[in-house]
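**Student:** fold the following and give me the result.
(2 chains)
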Amino acid sequence: MKKTRIQALGDELYQAMLSREAVEPLTSRGEDISIDDAYHISLRMLERRLADGASIIGKKIGVTSKAVQNMLNVHQPDFGYLTDDMVFNSGEVMPISDRLIAPRAEGEIAFILKKDLIGPGITNADVLAATECVMPCFEIVDSRIRDWKIAIQDTVADNASCGLFVLGDQAVSPRKVDLVTCGMVVEKNGSVLSAGAGAAALGSPVNCVTWLANTLGEFGIALKAGEVILSGSLVPLEPVKAGDSMRVDIGGIGSASVRFA
Amino acid sequence: MSKTLSREQMLALAEHVENAELQAHDITKVTNDYPDMTFEDAYDVQWEIRRRKEERGNKIVGMKMGLTSWAKMAQMGVETPIYGFLADYFSVPDGGVVNTKELIHPKIEAEIAFVTKAPLKGPGCHIGQVLAATDFVIPAVEVIDSRYENFKFDLVSVVADNASSTRFITGGQMADVADVDLKTLGVVVEKNGEVVDVGAGAAVLGHPASSVAMLANLLAERGEHIPAGTFIMTGGITAAIAVEPGDNITVRYQGLGTVSARFE
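**Tutor:** I've put the predicted structure just below:
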């Protein structure tokens, strides 16, 4: 794909994010887009946001569950960038009506790094050694693509459908918790909605971070000390609207809650 | 709720359904022949099957709860779960072999089991009483096997069929209820080395202990209770997963080790 075309699509998605007006799927326009092209489109979108003053505070991993991989017919995850304007603290009100188009909530485990991770050749042991702590997290994903009609290239280009996220009220050393078996319970408006466990994300959330470090290594990009890494949803996506409230509890880690306005 | 079956009809149904279990062949739903059957009729059939086994020398070693997830209850259009009993020969050692030739179309579910140290009596039994009366909790994998064609049944039929009970495997590590958060306790089910399902304790009625309370309350309807020392499987944390000869299953429990079995 030509560089000018990549820029134009990146600009279009950037505008869609600002205006909260979804665009038609990029993959429905009769042009071939490779996954590599899609990442370049997402980088253009990021470039525009950084020019507006946003700063990168971490990365997210998406498409980690088998259900979503089967839906998109891909067998690898994808990634996007987290910026300082996306993060909320547990208990805060999140203004989704002003910020997002078609928000959906995912319960995840966030990793906070204390050392850089530069792939390739990163192992799970490296990831654990570089992790300061893990935290409960809600990621509120959103799609700038109309009605979430996404192919893998669409979501990759759209910053892995990243929206906003909430970090929980506790942080735990990875030495203190079994990240494969830790259970997750999500409640919406006071009722249990879904339950899962760490293994739902590629067998282990640690596998996801390792994959990201090695994949970004191929692009010459590091996971940096201090960054937040969202490791992928452990439960099905749930559409949310203003007025809803949600809570996630993760066994041995803690909880996070959010109210939507 | 009242009874619609004569004693002779109830006894005949118990023999019919139990024979299907013992001979590992499927049958049509009992409600096909008795569409007006009630819950009470169905539990009469189940308790008669239990009596038949005890008369034959089998011991009853525990109880199980079924249809404990909100999703399954909604699917079946009911608001309460159901119970069944566990006979001695249902027990399979951890790491042991389940002989599928003795079964029709087995599926497995990951569960948390309770062992009581004090009696629990309904009605009005609640989570607090259950936790106070619990000696320990321990991981369990239940093998269910409906005797009905294609695992298709209604609520009355499944109650008469002992809530699809057939085998169970207990293992891993026991724990005090004070030391585990049963609501967020995670489980990971692996079949032949691949993760096939995950869940957490809250999938069982919000908290597995509420399943034990419901058992006490359901038993009270028949003037029965949960004696001290009872082993109780609280219901599936995960979906039921079909198994075939040659499969092996390992279920990992957060902080409570693993339970495994092979199917031959």
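
**Student:** mind checking what secondary structure the residue sitting nearest the centre point of chain A has?
**Tutor:** Against the mean C-alpha coordinate of chain A, by Cα atoms, centre = their mean, the closest residue is A:K60 at 3.7 Å. Look at A:K60: counting by DSSP: H, G, I helix; E, B strand; the rest coil, its state is strand.

**Student:** that one touches A:L230, doesn't it?
**Tutor:** Yes - using Cβ atoms under 8 Å, A:K60 makes contact with A:L230 at a distance of 4.0 Å. From N, CA and C alone the C-beta is placed, and that goes for glycine too.

**Student:** what sits in contact with each of these two?
**Tutor:** Listed as contacting both A:K60 and A:L230 by Cβ atoms under 8 Å, 6 or more residues apart in numbering or on different chains are A:L82, A:E139, A:F165.

**Student:** for the last one, give its distance to A:F260.
**Tutor:** If you measure A:F165 against A:F260 using Cβ to Cβ, to the nearest Å, the figure is 13 Å.

**Student:** and the two? Which one has more around it.
**Tutor:** A:F165 (25 against 20; other Cβ atoms under 10 Å in any protein chain shown).

**Student:** residue contacts, the more buried one?
**Tutor:** Applying Cβ under 8 Å, 6+ apart, we find A:F165 in contact with A:K60, A:L82, A:M86, A:V87, A:F88, A:A110, A:C137, A:F138, A:E139, A:I140, A:L230.

**Student:** can you confirm it is in a strand?
**Tutor:** Yes - per three-state DSSP, A:F165 lies within a strand segment.

**Student:** looks like A:D126 contacts A:T210 (just checking).
**Tutor:** Yes - counting by Cβ under 8 Å, A:T210 is a contact partner of A:D126 at 7.5 Å.

**Student:** residues contacting the residue in chain A that chain B sits nearest to?
**Tutor:** Taking Cβ to the nearest Cβ, chain B has its nearest neighbour within chain A at A:G183, 2.8 Å off. By Cβ under 8 Å, 6+ apart, A:G183 lies in contact with A:195-197, A:250-251, B:184-187, B:199-202, B:254.

**Student:** who does it bridge with?
**Tutor:** Applying DSSP bridges to A:G183 gives these bridge partners: A:A197.

**Student:** which parts of the lowest-mean-pLDDT helix or strand in chain A are buried?
**Tutor:** Lowest on mean pLDDT, DSSP states H and E among the helices and strands of chain A sits helix A:66-72, with a mean of 84. For helix A:66-72, a neighbour-count test (16 or more other Cβ atoms under 10 Å in any protein chain shown) marks A:V68, A:Q69, A:L72 as buried.

**Student:** all strands for chain A, in order.
**Tutor:** Secondary structure of chain A (DSSP state E): strands located at A:56-62, A:78-83, A:87-89, A:93-94, A:104-113, A:131-141, A:164-167, A:183-188, A:191-197, A:228-230, A:238-239, A:245-250, A:254-260.

**Student:** check contacts around B:K107.
**Tutor:** Counting by Cβ under 8 Å, 6+ apart, B:K107 makes contact with B:V143, B:I144, B:D145, B:F151, B:A240, B:I241, B:A242, B:V243.

**Student:** which residue packs closest to the second one, ignoring adjacent ones?
**Tutor:** Excluding the flanking residues, the one nearest B:I144 by Cβ to Cβ, 6 or more residues apart in numbering or on different chains is B:S164, at 4.2 Å.

**Student:** contacts only, for that neighbour.
**Tutor:** Counting by Cβ under 8 Å, 6+ apart, B:S164 touches B:G66, B:G84, B:I144, B:D145, B:S146, B:R147, B:V158.

**Student:** just for the stretch 1-150 of chain A, where's the confidence low?
**Tutor:** Counting by pLDDT under 70, not a single residue of the stretch 1-150 of chain A qualifies.

**Student:** B:V98 contacts B:P106, correct?
**Tutor:** Yes - assessed by Cβ under 8 Å, B:V98 is found in contact with B:P106 at 7.1 Å.
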